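Colleague: Turn this into a structure:
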Amino acid sequence: MAVCSAPGKIILFGEHAVVFGKPALALAIDLRVRASVSVSDQFAVNGHPMRPKHHSYISAALDEAWNGPPVRISTKSSIPSGSGLGSSAAVTVSSVGAMLAEKGTFDLATLAKKSFEVEFKVQKGASPTDTSTSVHGHGVLVSPEQGDGFLWRISKGERVWNMHHCEIPDMTFVVGYTGVRAATGPLVDGVRILLDTNKDRRRDVDRIGDIVLEGVDAVRRADKPTLGRLMLENHGLLNDLGVGHPALDKLVDACEESAYGAKLTGAGGGGSMIALTDHPEKTSGAISRAGGEPIVVSVGCAGVRVES
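Modeller: Residues are numbered from 1 along each chain as shown. This is a model prediction of the structure:
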């Protein structure tokens with residue numbers, strides 16, 4: 001039996017824009033998914049016969065990474081599903097990682113590429129940001145160009161993403177989970193349609209790309225006030241792209257007095273927001289009073305681990 005665990009993530013800057021060739025910066029968090037794979041007499045997931053429609057990510061992972069006998073797969077997650085914290089990526093990476101480990105072919109770059117293919121297949125379009133961050137951990141800068149700290153390159157059609165290690169200083173974030181679940185695929189499709197018809201929104205995407213690079217520089221300087229300002233600007237631009245939600249705005253506004261800045265994280269449409277703060281208890285209280293579920297997270301955490 002092979003056991004593998006992988007972290008969730010927050011996207012600090014660049015969600016949605018990264019799908020269209022812009023950079024993004026994602027940070028691994030200390031919430032993880034653990035998956036085990038063992039040979040069995042039938043394909044099963046968490047004690048139930050595997051159903052491709054119900055177990056879409058694991059079914060796609062088997063197609064991508066497994067060509068052996070039936071297996072029993074068990075998963076355990078500390079990441080709220082549909083929260084925008086990379087739960088599907090962590091399930092995918094931990095499951096594919098356990099399959100590769102069981103076959104004796106575990107390799108980080110291979111794992112990152114296969115995991116991206118799984119998410120792309122299930123979501124019918126995705127960037128490799130979430131899966132590569134779950135594989136590498138720490139911080140990951142996704143860029144169309146190759147630069148310092150290069151990890152691996154992933155391409156799909158004409159799209160190319162270069163993954164880079166980014167060192168993350170000690171920072172505290174509070175996640176505010178709205179409890180509103182939203183599928184990633186339709187949100188990505190909605191942005192794509194909007195960009196095809198609206199030049200102003202295309203300029204918004206360009207500005208998000210600039211914010212990512214300014215944010216990377218601020219991270220390296222541990223400049224929290226600048227990071228907070230950029231987070232708020234990025235949040236407004238994501239609202240303009242149609243992926244916001246009133247519940248997210250309410251939580252972002254609630255953090256104004258106790259945080260440097262706040263924004264939605266992930267696909268949007270619900271899910272979660274994040275706030276950068278030196279006062280996590282105060283920020284957590286503000287989020288709770290505004291109707292959200294606060295989760296204090298550490299960032300820059302370890303990536304995928306083969307545990308047995």
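Colleague: mind checking how far stretch 27-43 is from the chain centre?
Modeller: Distance, stretch centre to chain centre, for stretch 27-43: 17 Å (Cα atoms, centre = their mean, to the nearest Å).
Colleague: for it, what is the average pLDDT?
Modeller: Across stretch 27-43, the average pLDDT comes to 96.
Colleague: same question, stretch 200-211
Modeller: On average, stretch 200-211 scores 95.
Colleague: for the stretch 151-300 of the chain, what spans make up the helices?
Modeller: For the stretch 151-300 of the chain, helices defined by DSSP state H, counting those that start in this stretch occupy the ranges 184-197, 199-220, 224-240, 246-254, 280-289.
Colleague: actually the stretch 1-150 of the chain, sorry about that
Modeller: Under DSSP H, counting those that start in this stretch, the stretch 1-150 of the chain gives helices at 56-65, 87-103, 108-123, 129-136.
Colleague: Highest mean neighbour count out of those helices?
Modeller: Greatest average neighbour count among the helices of the stretch 1-150 of the chain goes to helix 129-136 (a mean of 31), per mean count of other Cβ atoms under 10 Å. Placement of C-beta: from N, CA and C, glycine included.
Colleague: Any chance you could list what contacts it?
Modeller: With contacts defined as Cβ atoms under 8 Å, 6 or more residues apart in numbering, helix 129-136 is touched by 6-9, 11, 14-15, 18, 24, 26-28, 86, 88-90, 92-94, 97, 108, 111-112, 115-116, 118-119, 139-140, 142, 151-152, 154, 161, 163, 165, 303-304.
Colleague: ok, back up a step: lowest average pLDDT across the helices of the stretch 151-300 of the chain?
Modeller: With a mean of 89, helix 184-197 has the lowest mean pLDDT of the helices of the stretch 151-300 of the chain.
Colleague: Just the terminal-to-terminal distance for stretch 232-246.
Modeller: Stretch 232-246 has an end-to-end distance of 15 Å (criterion: Cα to Cα, to the nearest Å).
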